[in-house]
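In: Need coordinates for the below:
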Amino acid sequence: MRARVIQALILTLLALGLGVPQAHAQVVGGFDFARAEVSVTGLQVPWAMAFLPDGSALVSERNTGRVMRVRPGQTPAAVATISGVSASGESGLLGIAVSPSYAQDGWVYAYFTSTSGDNRLVRFQLTAPQTQPVIFSGVPSATIHDGGRIAFGPDGMLYVATGDAANTANAQNLNTPAGKILRMTPTGGVPSGNPFANSRVWSYGHRNVQGLAWDGQGRMYATEFGQNTTDEINQIVAGGNYGWPTCEGTCSNPSFRNPIVTWTTAQASPSGLAYANNTLFAAALRGQRLWAVPLTSSGGAGTPVAEFQSAYGRLRAVAVGPDGWLWVATSNRDGRGTPVAQDDRIVRVPPATTGTDTSPPTAPGSLTSPGTTATTASLSWTASTDNVGVTGYDVLRAPGTSGGTFTQVSTSATTSYTDTGLTANTSYRYQVRARDAAGNLSPVSNTATVTTSGSQSGGCTVAPTTQTDWGSGYVIQPVTVTNTGTTTLNGWTVRFTLPAGHTLTGSWNTTLTTAGQTITARSTGNNGTLAPGQSTSFGFQVRRPTPDNQVPSGYTCTSP
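Out: Got it, this is the predicted structure:
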């Protein structure tokens with residue numbers, strides 16, 4: 001009878017989408033899988049992740065063509081939509097990468113299946129996301145085997161993984177970019193050092209590569225989907241032939257390079273790939289697990305270990321964030337999974353506590369709330385210090401102006417955070433603490449008490465986000481305007497106050513007027529009409545005197 005009760009409980013948990021913790025969860029590859037946490041929810045078929053300098057991640061959504069900006073504990077926000085995406089089967093918006101020189105050039109790269117009938121590569125800047133010049137096109141496309149992973153290598157070159165586009169002959173044909181790993185300059189040109197003259201081809205004989213990573217010695221690795229029997233991880237070398245379609249998995253032909261590790265397709269169907277702590281991490285779709293593959297000194301593979309088995313469903317992307325955590329994205333809404341209400345999700349795994357570092361960071365200082373709305377509270381604080389480096393901050397919240405218990409509501413990789421989903425005309429208290437890579441926690445900061453405003457007139461709300469912040473200025477983006485009414489909104493007006501000495505230097509997706517330090521932002525012709533529940537966004541840039549860490553406050557939204 002007891003066994004039946006336990007079995008029924010497990011089935012109930014699975015039906016609710018809560019998952020059953022793995023009994024063997026452990027420290028693997030330097031990460032503590034026993035402390036994994038769901039940090040982002042509500043994505044629609046995320047395919048790739050790339051990180052911005054402020055610690056937030058850009059996530060491509062395969063079917064919608066949107067590029068989402070995500071932060072742990074916050075609602076994903078669309079920052080761009082790629083034009084001309086054709087999403088069918090496995091095709092759509094696929095890889096995304098951030099320029100290694102992003103702080104100087106601001107370029108974001110995206111690879112997608114186009115309505116023109118090919119796979120192509122564009123780049124754009126978040127300050128003008130609608131401008132998307134094509135830097136490489138003409139990769140054969142199909143509803144399957146489009147490859148799609150893109151990444152900048154240690155050499156600063158852009159690597160692009162392509163599939164055979166359901167034509168096996170493409171893989172061995174050096175005159176087509178399909179079934180290859182390509183190496184090109186950041187502007188799409190042919191760089192010096194490629195193995196074939198006047199060609200972007202770096203390696204060939206690939207069926208469908210969807211994961212790229214480099215180890216600490218600069219050696220390159222790629223995941224590869226097999227056909228019916230064998231999935232692979234390969235060490236990639238310039239000019240290497242990886243055998244498809246003649247060879248699937250390991251074979252005895254000396255013309256082909258064998259994989260360093262293989263699985264059955266039921267165990268893997270590997271997509272995203274990441275490297276940390278002498279370990280490769282491969283996200284498995286059909287296998288519904290994350291494979292941790294230790295590397296040998298020669299670049300071979302030790303014994304792989306599976307984590308997250310059936311815990312979160314199909315896994316598409318994996319990356320090591322600037323916060324030191326391992327980020328893993330699900331793909332349960334891709335037509336082949338069984339989604340739960342929170343899907344698709346990003347799960348984060350913290351670094352393991354080594355026990356050698358016992359010194360906690362200093363407490364964050366000067367916690368303040370620069371602004372509130374009816375449903376949000378913006379927080380900022382001064383950075384903590386640590387003997388080996390702060391990896392992030394925990395945001396704690398308690399109800400009311402006194403009493404109650406502080407509980408962690410989110411994490412932040414930067415010294416600012418916007419708490420959302422609050423109740424109008426309600427008081428909250430906040431504290432922040434820092435953590436380091438060893439898991440040491442700082443003392444908490446001072447307490448900041450905030451009171452949200454009443455329900456905004458006109459049926460709209462506004463939520464600002466600090467995108468970048470430097471000594472003499474900052475960018476506020478996105479400033480998200482949401483129609484909270486029951487009828488269509490035809491125009492909106494947002495007002496806020498700049499701190500003394502701060503001056504506007506630019507804006508986008510809005511028309512701004514100033515009256516002293518009071519700024520009025522109005523909708524433009526293309527973003528003023530919002531259906532109930534629909535959102536839009538705008539942004540602006542400000543110059544300020546130094547030293548000064550203030551940002552605008554007092555945001556309100558009204559509509560006609």
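
In: so where is the stretch 1-150 of the chain shaky, pLDDT-wise?
Out: Along the stretch 1-150 of the chain, the model assigns pLDDT under 70 to residues 1-26.

In: likewise the stretch 351-500 of the chain?
Out: Judged by pLDDT under 70, the stretch 351-500 of the chain has its weakly predicted residues at 354-358, 388, 438-439, 454-458.

In: OK, contacts around A128?
Out: The neighbours of A128, taking CB atoms under 8 Å, 6 or more residues apart in numbering as the test, are W508. C-betas here are computed from N, CA, C, even on glycine.

In: now the helices for the stretch 1-150 of the chain?
Out: Taking DSSP state H, counting those that start in this stretch to define them, one finds helices in the stretch 1-150 of the chain at 2-15, 102-105.

In: and the residue nearest to S88 when sequence neighbours are not counted, what does it touch?
Out: Counting by CB to CB, 6 or more residues apart in numbering, the nearest residue to S88 once its immediate chain neighbours are dropped is T143, at 5.0 Å. Counting by CB under 8 Å, 6+ apart, T143 touches 88-91, 166.

In: number of nearby residues for S88?
Out: Around S88 there are 12 other residues, counting by other CB atoms under 10 Å.

In: returning to what we had before: tell me the spacing between the residue nearest to S88 and L285.
Out: 16 Å (CB to CB, to the nearest Å).

In: Could you do A110 as well?
Out: From A110 across to L285, the span is 21 Å (CB to CB).

In: Could you tell me the per-residue confidence at the residue nearest to T536 when sequence neighbours are not counted?
Out: Nearest non-adjacent residue to T536, counting by CB to CB, 6+ apart: N527, 4.2 Å away. On the pLDDT scale, N527 is placed at 87.

In: what sits against D105?
Out: Under the criterion of CB under 8 Å, 6+ apart, the contact list for D105 reads S99.

In: Which residue ranges of the stretch 1-150 of the chain form strands?
Out: 27-28, 31-32, 37-40, 46-51, 57-61, 66-70, 77-81, 93-98, 107-113, 118-125, 134-140, 150-152 (DSSP state E, counting those that start in this stretch).

In: now swap in the stretch 201-350 of the chain and tell me
Out: With DSSP E, counting those that start in this stretch as the definition, the stretch 201-350 of the chain shows strands at residue ranges 201-204, 209-214, 220-224, 230-236, 261-264, 270-276, 279-284, 289-294, 305-307, 315-320, 326-330, 346-349.

In: which other helices and strands contact the second one?
Out: The criterion is 3 or more CB pairs under 8 Å, 6 or more residues apart in numbering; DSSP states H and E, and the helices and strands that strand 209-214 contacts are strand 150-152, strand 158-161, strand 220-224, strand 270-276, strand 279-284.

In: Contact partners for S269?
Out: S269 makes contacts with 225, 231, 284-287, as judged by CB under 8 Å, 6+ apart.

In: In JSON lines: these, plus neighbour count, pLDDT and distance to W202.
Out: Converted to JSON lines, the contacts of S269 look like this (neighbours: other CB atoms under 10 Å; pLDDT from 0 to 100; distance: CB to CB, whole Å):
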{"residue": "F225", "neighbour count": "26", "pLDDT": "97", "distance to W202": "19"}
{"residue": "D231", "neighbour count": "30", "pLDDT": "96", "distance to W202": "21"}
{"residue": "A284", "neighbour count": "27", "pLDDT": "98", "distance to W202": "25"}
{"residue": "L285", "neighbour count": "25", "pLDDT": "97", "distance to W202": "25"}
{"residue": "R286", "neighbour count": "17", "pLDDT": "95", "distance to W202": "27"}
{"residue": "G287", "neighbour count": "24", "pLDDT": "96", "distance to W202": "27"}
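
In: Can you tell me which of these lies closest to T466?
Out: Minimum distance to T466 across the contacts of S269 is 35.5 Å, recorded for L285 (CB to CB).

In: any idea how far that closest one is from W470?
Out: Separation of L285 from W470 (CB to CB): 40 Å.

In: S366 too?
Out: Using CB to CB, S366 is found at 18 Å from W470.

In: Wait, P552 touches P499, no?
Out: Yes. The pair P552 / P499 is scored as a contact, 7.0 Å apart, by CB atoms under 8 Å.

In: Looking at the two, which one has more neighbours?
Out: Neighbour count, other CB under 10 Å: between P552 and P499, P552 has more, with 23 against 16.

In: What are the phi and psi values at the closest residue to that one other than its chain neighbours?
Out: Closest residue to P552 apart from its sequence neighbours, by CB to CB, 6+ apart: F496 at 4.7 Å. Dihedral pair for F496: phi -150, psi 170, per degrees, to the nearest 10.

In: quick revisit: CSV for the strands of the stretch 201-350 of the chain, including distance to T488?
Out: Below are the strands of the stretch 201-350 of the chain laid out as CSV (distance: least, CB to CB, whole Å):
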stretch, distance to T488
strand 201-204, 51
strand 209-214, 41
strand 220-224, 46
strand 230-236, 49
strand 261-264, 51
strand 270-276, 40
strand 279-284, 41
strand 289-294, 44
strand 305-307, 47
strand 315-320, 35
strand 326-330, 34
strand 346-349, 32
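
In: With adjacent residues omitted, what lies nearest to Q517?
Out: L498 (4.5 Å).

In: Near that neighbour, how many other residues are there?
Out: The number of residues packed around L498, counting by other CB under 10 Å, is 21.

In: Ok, the one 3 residues further on next?
Out: Using other CB under 10 Å, G501 is surrounded by 12 other residues.

In: Could you pull up the residues touching the residue nearest to it when sequence neighbours are not counted?
Out: Leaving aside its sequence neighbours, G501 sits nearest to P545 (CB to CB, 6+ apart; 4.7 Å). Contacts here follow CB under 8 Å, 6+ apart; on that basis P545 touches 472, 501-502.

In: and P545, what pLDDT?
Out: The model's pLDDT for P545 equals 87.

In: Repeat that for A531.
Out: Here the pLDDT value assigned to A531 is 86.

In: quick one: contacts for it?
Out: Neighbouring residues of A531 by CB under 8 Å, 6+ apart: 483, 488-489.

In: Kindly reformat these as JSON lines containing secondary structure.
Out: What follows is those, written out as JSON lines (DSSP: H, G, I helix; E, B strand; the rest coil):
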{"residue": "N483", "secondary structure": "strand"}
{"residue": "T488", "secondary structure": "coil"}
{"residue": "L489", "secondary structure": "strand"}
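
In: Pull out the buried residues from those residues.
Out: Listed as buried from those are 483, 489; burial here means 16 or more other CB atoms under 10 Å.

In: what ranges do the strands span in the stretch 351-500 of the chain?
Out: All strands of the stretch 351-500 of the chain, identified by DSSP E, counting those that start in this stretch, fall at 365-372, 377-382, 390-399, 407-412, 416-419, 427-436, 448-451, 460-463, 466-470, 473-483, 489-490, 493-497.

In: what angle sits between the third one and strand 377-382?
Out: On the basis of axes from the mean of the first three to the mean of the last three CA atoms, to 10 degrees, strand 390-399 is oriented at 140 degrees to strand 377-382.
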